[in-house]
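S.K.: please find the sequence and the predicted model below.
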Amino acid sequence: MMEQQNTNQSLFDRVGHESLADAVVRQVEDLIASGILKQGKRLPSERELSEALGVSRPKLREALQILEDRGLVVTRHGEGTFVSALTGQAMLPALISLYGRHEPAFMDYLEYRREQEGFAARLAADRATSADKERITDILEKMVTAFEAGDNEASRQADFALHAAIVDASQNATLIHMMASIFELTQQSVFYNRDFLRTIDGTGRILLDQHLELGNAVIEGEPARAKRAAKEHIDFVEKSFRVGLERQRREVMSNKRRLLSS
């Protein structure tokens, strides 16, 4: 609990007495607009928020009601207050499924990611704070540990965490919100079958090296290198996807030949 309180106190600033509710609203709005508080994020409890902000609970409730009226937060009875789904789903399940069956659409998705992640990596290498770099360093260490242990699930989680951390380090609020929605799709095997990618390079070593290069380029503050690393990673995903399709086509043709010869 002490760790949670310290986190809350560093996230929120104590407010003055000019207009307590408005001051609280402004702080939460700033955190949402900047991408620090993302959609679905649960806010601290009333008690924790009240102590961190230095306001009474009635004033805090007044502020939360204003935020809810503006559609920025939603309160669920018995669960707490959460940041609203502000960007929504980038695609509905039916369209996601269609992308998985439609090669040109999937290639468009990769093209979009290549440009956006290259842009994010370049900005991150130029703008990352010491806290951003510590976060990325920690993720890279977890990634190496997972690889050495052969823990595919931990590798997968570190993979997604690294991409999200780099986008956050770009300090571009619009990019942060839009890519958060895209990353929800990325975690679905239709868009990013990490296990399949590992079969292309045999052990997953290529993926690890690509992520290490990307993360270290950001940490070392080299924008051009970071942008290049991000794009080369997506190029590898695209190449792997094409290899997979070609394998499937060869298997189909081989099975047809076998049927004719039997």
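M.R.: Looks like it came in fine.

S.K.: CA atoms for contacts and neighbours, from now on please.
M.R.: OK.

S.K.: point out where the stretch 51-200 of the chain drops to low pLDDT.
M.R.: Applying pLDDT under 70 to the stretch 51-200 of the chain flags the ranges 87-102, 184-200.

S.K.: try 90 this time
M.R.: 77-78, 84-113, 150, 152-153, 155-157, 160, 173-174, 176-200 (pLDDT under 90).

S.K.: can you tell me the element the nearest residue to Ile219 once chain neighbours are set aside falls in?
M.R.: Leaving aside its chain neighbours, Ile219 sits nearest to Lys133 (5.4 Å; criterion: C-alpha to C-alpha, 6 or more residues apart in numbering). Element membership for Lys133 (DSSP states H and E) is helix 130-149.

S.K.: so which bits of the following helix or strand past that helix are buried?
M.R.: For helix 130-149, the following helix or strand on the C-terminal side (DSSP H and E) is helix 152-169. Across helix 152-169, burial judged by 16 or more other C-alpha atoms under 10 Å covers 152, 155-156, 158-159, 161-169.

S.K.: same question for stretch 212-226.
M.R.: In stretch 212-226, counting by 16+ other C-alpha under 10 Å, buried: 212-219, 221-226.

S.K.: what ranges does the stretch 151-262 of the chain have for its strands?
M.R.: Counting by DSSP state E, counting those that start in this stretch, one finds no strands in the stretch 151-262 of the chain.

S.K.: scratch that, the stretch 1-150 of the chain
M.R.: Using DSSP E, counting those that start in this stretch, strands in the stretch 1-150 of the chain cover 73-76, 80-83.

S.K.: for Leu11, which of those is the nearest?
M.R.: strand 80-83 (15.1 Å; C-alpha to C-alpha).

S.K.: the closest one packs against which elements?
M.R.: strand 73-76 (3 or more C-alpha pairs under 8 Å, 6 or more residues apart in numbering; DSSP states H and E).

S.K.: partner strands of the strand it packs on, with direction?
M.R.: strand 80-83 (antiparallel) (DSSP bridges).

S.K.: quick check: buried residues in the partner strand?
M.R.: For strand 80-83, the neighbour count (16+ other C-alpha under 10 Å) marks 81-83 as buried.

S.K.: how about JSON lines for those, with distance to Asp69 added?
M.R.: Conversion of the buried residues of strand 80-83 to JSON lines gives the following (distance: C-alpha to C-alpha, whole Å):
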{"residue": "Thr81", "distance to Asp69": "13"}
{"residue": "Phe82", "distance to Asp69": "13"}
{"residue": "Val83", "distance to Asp69": "12"}
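
S.K.: circling back: if I look at the residue nearest to Ile219, how far off is Leu140?
M.R.: 10 Å (C-alpha to C-alpha, to the nearest Å).

S.K.: how about Val167?
M.R.: Following C-alpha to C-alpha, the distance that separates Val167 from Leu140 is 15 Å.
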